[in-house]
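Student: Take a look and give me a structure for this.
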Amino acid sequence: MSAISKVLKSQASSITGNAIDAVLSVGKAALSAVMPDDIEYYLCSLELYNQDKKRVGFLSFVVMPDQMEETHSPIQTMVKTHRGIATVLNDSFAPVDISFSGTFGRKWRLLSSFKDPKLELDTKGFLNLSLGSVAGIGVGLKSGYGVTKIMEHILQRSYKTQGGKPFYLIFNNYALNTSYVCDVINYTVYQDVNTNVMWNYSVHLRAVAENSSFFKISNRLKNLKDVASMQIANGLTNVVSNMIGF
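Tutor: Predicted structure coming up:
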């Protein structure tokens, strides 16, 4: 029996499990698209669009953040009157503070449908580790550090302009069924002696509008397909890891 046959035989159960998990997760994404307030799909993504609504940056989080938080503060003014408190409400969109933090780890991962704005907009001297496409979905190979850099490029580009026109940053939290057009408040990338060669991130965004004011719901459902395809890439990553231990 060849060496590869022995590996496949010893890892058959794990490989099958990873494949089944990926298929079930993609099926759950379809259910979440139909019943978004009843079926949670535990993934999130960052998207970057130019003025012409062309997507120039996209990252589905191959590893979910360790922490996510949305803080809602309704627009209202409270005034003390002679007989009590009068509250004046404003029913326009109230900014939402969004924070998330975590790490993409150390190991190499397969990413699907990702777009790095540095590659899309600044093509000189940048290596793209693209592996072509699987079932019509673009697949590339990135380390945890490389995934962190894609996120960093998206955040950096979001507060710059192209031809004097702004970019639009969108954060999709499919777990909570929210999608917002956001501004970057701040972000931090760091490591310490306990997490050597594993970069941690902490991002703080402020939502300034509902995504529905920028794109129709149908566009968001289409993007969910790209996010769901990441589960297939995750399954492939685990299969390869089980086979060759990278």
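
Student: Tell me which strands the strand ranked longest in the chain pairs with, and in which orientation.
Tutor: As assigned by DSSP state E, the longest strand anywhere in the chain is strand 178-190. Paired strands of strand 178-190, with direction, are strand 168-173 (antiparallel), strand 200-210 (antiparallel) (DSSP bridges).

Student: So which residues make contact with it?
Tutor: When contacts are defined by C-beta atoms under 8 Å, 6 or more residues apart in numbering, strand 178-190 is touched by residues 70, 96-98, 148, 152, 155, 158-159, 168-173, 199-214, 220. Backbone N, C-alpha and C define where each C-beta goes, glycine included.

Student: related to what we said a few turns ago, could I get the strands paired with strand 178-190 in a markdown table, plus columns for distance to residue 181, mean neighbour count and mean pLDDT?
Tutor: A markdown table is the format used below for these (distance: least, C-beta to C-beta, whole Å; neighbours: other C-beta atoms under 10 Å; pLDDT from 0 to 100):
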| stretch | distance to residue 181 | mean neighbour count | mean pLDDT |
| --- | --- | --- | --- |
| strand 168-173 | 6 | 22 | 93 |
| strand 200-210 | 4 | 18 | 95 |
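
Student: could I get those strands as TSV with distance to residue 180?
Tutor: Formatted as TSV, the strands paired with strand 178-190 follow (distance: least, C-beta to C-beta, whole Å):
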stretch	distance to residue 180
strand 168-173	6
strand 200-210	3
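
Student: closest one to residue 65 among these?
Tutor: Using C-beta to C-beta as the measure, strand 200-210 is the one of the strands paired with strand 178-190 that comes nearest residue 65, at 8.3 Å.

Student: hey, C-alpha coordinates of the closest one in PDB?
Tutor: The C-alpha trace of strand 200-210 is given here as PDB (Å, rounded to 0.1, in the frame of the first residue of the first chain):
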ATOM      1  CA  ASN A 200      -4.300  39.800  17.000                       C
ATOM      2  CA  TYR A 201      -6.600  42.500  15.800                       C
ATOM      3  CA  SER A 202      -9.100  44.900  17.400                       C
ATOM      4  CA  VAL A 203     -11.400  46.900  15.100                       C
ATOM      5  CA  HIS A 204     -13.800  49.700  16.000                       C
ATOM      6  CA  LEU A 205     -16.300  50.800  13.300                       C
ATOM      7  CA  ARG A 206     -19.200  53.200  13.300                       C
ATOM      8  CA  ALA A 207     -22.200  52.300  11.200                       C
ATOM      9  CA  VAL A 208     -23.600  55.400   9.400                       C
ATOM     10  CA  ALA A 209     -26.300  53.800   7.300                       C
ATOM     11  CA  GLU A 210     -28.200  50.500   6.700                       C
END
